[in-house]
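Peer 1: just to be clear, the model below is a prediction. Sequence and coordinates:
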Amino acid sequence: MIDSRSLFAPDIDLISLQELDTITEIPKEEYVLKCTSACAGCSDSLTLRYVLKAAGPDTVLVVPACCTSVIQGIYPNTAFNIPVYNIAFGAAAACASGMSNAFRLAGKKTNVIVYAGDGGTLDIGIQAMSGAFERGTDFLYICYDNEAYGNTGMQRSGGTPMGARTTTTPAGKPDAKKDIDAIIAAHDPPYMATACAAYPMDLFRKVQKALTFRGPSFIHVLAPCPPGWRYSTEKTVEMGKLAVKSGMWILYEREYGKLSISPQSKVAMKKPIPLEDYLAPQGRFRGIDAKTLEMLRQHLLKNIKKLAAEEAEE
Amino acid sequence: MKKIATGNKAVAEAVKQVKPAVIAAYPITPQTEIVEQIAEFVSTGELNSRYIPVESEHSAMAACIGASITGVRTFTATSSHGLLYMHEMTNWAAGARLPVVMANVNRSIGPGWNIWAEHTDAMQERDTGWLQVYVSTVQEAYDATIMAFRIAEHNDVLLPVMVNLDGFTLSHIMQPLDTIEIGDFIPPMHLPHAIDPKNPAGYGGLTGPDQHFRFRWDIERSMRDSVKVIETTEKDFYQRFGRKYGFTEDYCCEDADVVVVSMGTLGKEAEVAIDILRKEGIKAGSMRLRWFRPFPQLNLMGKEVVVIDRDYSFGFGGILAKSIEARQKTDVYGVIAGLGGQEVTFEDIADFIRKRHIGQEFWFGVNDNV
């Protein structure tokens, strides 16, 4: 067994890292208005708030069936102050593909952003997404990943981690989380990243950066979900931080294939907090058996090692 | 300009005239030649469009939807399984009031794999809110495709239009084609609800039980209004280019005692059958239905009606026959013929008419005539 803590020497100044989370350069304009129908403690709306602040007003959001279809409000009202095009579950990337081509042919630079959940990305939308990336579509695809079908009441998705209880895996999911980032990386997009709204500055800058690239870019955002993960609503930001600090979620970006791990995760990878600290507050992992826990831990360590090795190579 | 072309090439030539901004398509037999020809036009610069070679028909229609909502003209083409695969999105295009134009090369549905003509593919789309026209010649395929854009984009309609041509018996046969310069026949597209970031709006979000039916009714209202738009478009086309079209193409119907109703290429075959029967002294006529949606009022008063269905609704009957029975409140002789490319000659059609039994159904090649 690998002890990840012995792999790295701690050399990052923790105080300067905290400064990274200051939010002074984030614009004051709000595009997610104060009338969403999101659950209390929803990180989808929190994520979207920073995404849209980074993207600005010349943006169209393409949204397949997901929590965001619901939180935008009921016709004739909308809680979003930018155009939102809702589309069928498996069709977001293809729809965005048509939209981006139409805008570019007309000489318009309007940002086209797909904002889709893990079900709409890892499962039903993967074919359309793969096609759009392969064709070099000029768009940003953001997957906000709450690791289950939240909108329909928390059924397992390809994004659900092993051991997590959902309404369709009442005894815990026996299968591992699908590695969508590896699948995206295989399409060799100019830019891809991971993020979490618990680190808003990091998320904000990654969205801004992604939109500077021509061609497809991808940001995979971990979206802790109080009703789905079964933790109390005030802990959403804390859950995101625990995910990163435990190494279960690693913040990084890849620019033309070159990996750089974000500072927060560099620290975490050198000295991750115990995995149990992340799992214990979540009701979905309650009663997880020792074998599954160990498999999760091994998977986590393998992932840390793989990313560390990839970065060291470059 | 006079040329010789296949039905597929004629559709591509029409698309070149109309100049959609975005074309998204996926290959499927027997439609493939349309998108190959369009891709060729785009690559040589004859057509300044974005051609999106999508990874599925579901994505083809989704891409057309995404492009169309920015306010630009879009086109796709498909057939059979491709059409069924995009079924979710054909509903979306109509519901979103987007004037996408699509050529569908009618083909049977598996299993088993059968690539030949049948109308059941398009018939399964009949309740989606798409206008549907069925053509019978290469020239008509060309003309109908051009007119489809004007009809779809008319602000009294704003619904997608499907141009249907029979697989192989029209898509792959060569006939003379007279191409035209359309000039200002189709006005620039104006989509009143086009996406505009300066005027943000939500599209297709949650719609409650207190509102949803209004959008459904709005589709039906436009479907009804489309009748007039089709009439004026076809009239203007006739005045400008000299070729006349209508909801039906009638042949010797006026004094007929018996009329055979069909769609697509069988309608042309039926005209030959009528000539034979007239020589025998049987006062027969042929009515080829062109527009299946909106479904027209047919003038069949006082006539016996034979309907040829190149399609079937299991547990119910021939879809065209049942539609006519319901709309005209009259019994018909329903003939199921031509499924999966089954050969149907003018002699067969003459026979259907001679041996008609009003109120009954006849499966050509299966039953003896009952």
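Peer 2: Sure, I can see it. Being a predicted model, the structure only gives us computed values, none of them experimental. Numbering: from 1, shown residues only, chains lettered A, B, ... in the order given.
Peer 1: which other helices and strands does the biggest helix by length in chain B contact?
Peer 2: Ranked by residue count, the top helix of chain B under DSSP state H comes out as helix B:212-241. Judged by 3 or more C-beta pairs under 8 Å, 6 or more residues apart in numbering or on different chains; DSSP states H and E, helix B:212-241 is in contact with helix B:87-95, strand B:131-134, helix B:138-153. Backbone N, C-alpha and C define where each C-beta goes, glycine included.
Peer 1: can you redo the ones you listed as CSV with mean neighbour count, mean pLDDT and distance to residue B:344?
Peer 2: Listed next are the helices and strands packed on helix B:212-241 as CSV, based on neighbours: other C-beta atoms under 10 Å in any protein chain shown; pLDDT from 0 to 100; distance: least, C-beta to C-beta, whole Å:
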stretch, mean neighbour count, mean pLDDT, distance to residue B:344
helix B:87-95, 21, 98, 28
strand B:131-134, 26, 98, 15
helix B:138-153, 26, 98, 19
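Peer 1: how many other residues sit next to the closest residue to residue A:236 other than its chain neighbours?
Peer 2: Nearest residue to residue A:236, sequence neighbours excluded (C-beta to C-beta, 6 or more residues apart in numbering or on different chains): residue A:41, at 4.5 Å. By the other C-beta atoms under 10 Å in any protein chain shown criterion, the neighbourhood of residue A:41 contains 19 residues.
Peer 1: I'd say residue A:41 and residue A:235 touch.
Peer 2: Yes: if you go by C-beta atoms under 8 Å, residue A:41 and residue A:235 touch, sitting 7.3 Å apart.
Peer 1: give me the common contacts of these two.
Peer 2: residue A:226 (C-beta atoms under 8 Å, 6 or more residues apart in numbering or on different chains).
Peer 1: who's residue 261 bridged to?
Peer 2: Reading this off chain A. residue A:252 (DSSP bridges).
Peer 1: try again with chain B
Peer 2: Beta-bridge partners, per DSSP bridges, of residue B:261: residue B:287, residue B:307.
Peer 1: mind checking which helix or strand the most centrally placed residue in chain A is in?
Peer 2: Residue closest to the mean C-alpha point of chain A, counted by C-alpha atoms, centre = their mean, is residue A:221 at 1.1 Å. For residue A:221, the enclosing helix or strand under DSSP states H and E is strand A:217-222.
Peer 1: where does the residue sitting furthest away from the middle of chain B fall, phi/psi-wise?
Peer 2: Distance to the chain centre peaks in chain B at residue B:198, reaching 37.4 Å (criterion: C-alpha atoms, centre = their mean). Per-residue torsions, residue B:198: phi -80, psi -10 (degrees, to the nearest 10).
Peer 1: spatially nearest residue to it (excluding sequence neighbours)?
Peer 2: Closest to residue B:198 by C-beta to C-beta, 6+ apart is residue A:57, at 8.0 Å.
Peer 1: I'd guessed that neighbour sits against residue A:82; true?
Peer 2: Yes: with contact defined as C-beta under 8 Å, residue A:57 reaches residue A:82; the gap is 6.3 Å.
Peer 1: what sits in contact with each of these two?
Peer 2: By C-beta under 8 Å, 6+ apart, the residues touching both residue A:57 and residue A:82 are A:31, B:197, B:200.
Peer 1: nearest to residue B:268 among these?
Peer 2: Ranked by distance to residue B:268 (C-beta to C-beta), those are led by residue B:197 at 50.0 Å.
Peer 1: the closest one: what's it in contact with?
Peer 2: Per C-beta under 8 Å, 6+ apart, neighbours of residue B:197: A:57, A:58, A:59, A:60, A:82, A:83, A:110.
Peer 1: what do you get for residue A:73?
Peer 2: A:35, A:36, A:37, A:79, B:202, B:205, B:206.
Peer 1: residues from the stretch 51-200 of chain B in reach of chain A?
Peer 2: Residues of the stretch 51-200 of chain B lying close to chain A (C-beta under 8 Å from any C-beta of the partner chain) are B:52-56, B:58-60, B:62-70, B:72, B:74, B:88-89, B:92, B:195-200.
Peer 1: residue B:252 against residue B:282, yeah?
Peer 2: No: at 10.6 Å, residue B:252 does not count as touching residue B:282 under the criterion of C-beta under 8 Å.
Peer 1: okay, and the common contacts of the two?
Peer 2: By C-beta under 8 Å, 6+ apart, no residue touches both residue B:252 and residue B:282.
Peer 1: the residue nearest to residue B:198: which element?
Peer 2: Applying DSSP H and E, one finds residue A:57 in no helix or strand.
Peer 1: do the same with residue B:12
Peer 2: Using DSSP H and E, residue B:12 falls in helix B:7-18.
Peer 1: quick one: contacts of the helix or strand that comes right after that helix?
Peer 2: The helix or strand immediately downstream of helix B:7-18 is strand B:22-24, counting by DSSP H and E. Applying C-beta under 8 Å, 6+ apart, the external contacts of strand B:22-24 come out as A:94, A:97-98, A:101-102, A:105, B:15, B:35, B:38, B:42, B:49-54, B:59-61, B:63-64, B:67-68, B:72-76.
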